[in-house]
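> Sharing a sequence plus its predicted fold:
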Amino acid sequence: MVFSILHPDRIDLSQTKARAVADLKHFLEYAKHGTSALAATVYDFVGDFDSPFKSAVARALRDKGWDVHSQVDVSAYRIDLGIVHHDFPDIYFSGVECDGAMYHGFAFARERDKILQSVLERLGWTLWKRMPYIPEGHRFEVVPDWVCEILSPSTASKDREVKMPLYARYGVPHAWLIDPGEQTLEVYRIDGGTWVEGGVFSDTDQVVAPPFEAVSIDLGLFWPPRRPVAV
């Protein structure tokens with residue numbers, strides 16, 4: 001039980017950056033309102049992104065005028081994106097989960113979904129499996145850092161003549177073309193809107209090529225075992 005003559009509403013966080021003062025205000029809110037107060041607290045946030053996709057989502061929301069925080073601390077869990085309320089900057093209007101690093105840290109999909117839902121609901125968050133309605137202008141484009149096409153006799157011409165020019169037009173930096181029949185890998189990079197060949201690898205070559213030049217890839221692992229030839 002907590003007794004205090006100081007009400008949390010009397011603590012104005014806009015007048016100080018001290019973490020201890022913010023913690024005191026949040027503790028008093030929790031003591032007064034219970035776990036529902038935790039959902040209305042502006043928690044600590046890291047501010048960086050652990051994936052290009054999350055960065056793109058945050059950028060799209062900011063372009064629409066929202067103040068977005070990344071990696072928001074909620075107990076021992078981090079919500080990928082927190083959207084700050086326009087009128088009440090001390091609280092979050094909404095949270096967005098992008099299936100980030102902490103989500104993937106759980107061993108099983110069903111386990112992580114149940115645990116995360118349980119934790120967030122206890123902290124006062126309301127989870128929507130689906131949006132209540134689809135707003136206009138909700139789509140945005142994200143250009144991938146790398147694309148890979150698996151060639152086949154029926155798709156090779158489309159991949160080379162239609163898709164590759166389309167990727168170049170949108171500025172995709174890297175592209176790989178894998179031909180299982182020929183057991184080859186073609187590596188391309190964009191330069192001035194044009195594809196430049198960065199190498200052709202085959203059979204069991206060791207591949208060190210962008211955007212994965214930090215590792216050596218055994219190309220032989222890509223191919224199925226060859227069928228024995230009858231003599």
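Everything's here; your move.

> partner strands of the strand or helix carrying Val187, parallel or antiparallel?
Here Val187, judged by DSSP states H and E, is contained in strand 184-191. Paired with strand 184-191 in the same sheet, following DSSP bridges, are strand 174-179 (antiparallel), strand 194-202 (antiparallel).

> Of those strands, which is nearest Glu121?
strand 174-179 (41.4 Å; C-beta to C-beta). Glycine gets a C-beta too; all of them are placed from N, C-alpha and C.

> Would you agree Trp176 is in contact with Thr184?
No - using C-beta atoms under 8 Å, Trp176 makes no contact with Thr184, being 10.6 Å away.

> Who are the contact partners of Val215?
Val208 (C-beta atoms under 8 Å, 6 or more residues apart in numbering).

> correction: Pro8
Lys25, His26, Leu28, Glu29, Lys32 are the contacts of Pro8 under C-beta under 8 Å, 6+ apart.

> Filter those down to the buried ones and express that as a PyMOL selection.
Those of the contacts of Pro8 that count as buried under 16 or more other C-beta atoms under 10 Å are selected in PyMOL with:
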select buried, resi 25+26+28+29
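
> thinking again about what came up before, show the average pLDDT along the strand holding Val187.
Mean per-residue pLDDT for strand 184-191: 96.

> could you pull out the strands for this structure?
Ranges of strands in the chain, per DSSP state E, are 68-74, 77-84, 92-96, 146-150, 174-179, 184-191, 194-202, 206-207, 217-218.

> residues in contact with Ala168?
Ile190, Gly193, Thr194, Trp195 are the contacts of Ala168 under C-beta under 8 Å, 6+ apart.

> In PyMOL, how would I select just the buried ones from these?
Typed into PyMOL, the line below selects the buried ones among the contacts of Ala168, using 16+ other C-beta under 10 Å:
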select buried, resi 190+195
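
> Most widely separated two among the contacts of Ala168?
Most distant of the contacts of Ala168, by C-beta to C-beta, are Gly193 and Trp195, 9.0 Å apart.

> For burial, what's the neighbour tally of the nearest residue to Gln183 once chain neighbours are set aside?
In this structure, Gln183 finds its nearest non-sequential neighbour in Trp223, 5.2 Å apart by C-beta to C-beta, 6 or more residues apart in numbering. Number of residues near Trp223 (other C-beta atoms under 10 Å) recorded here: 14.

> Many thanks, have a good one.
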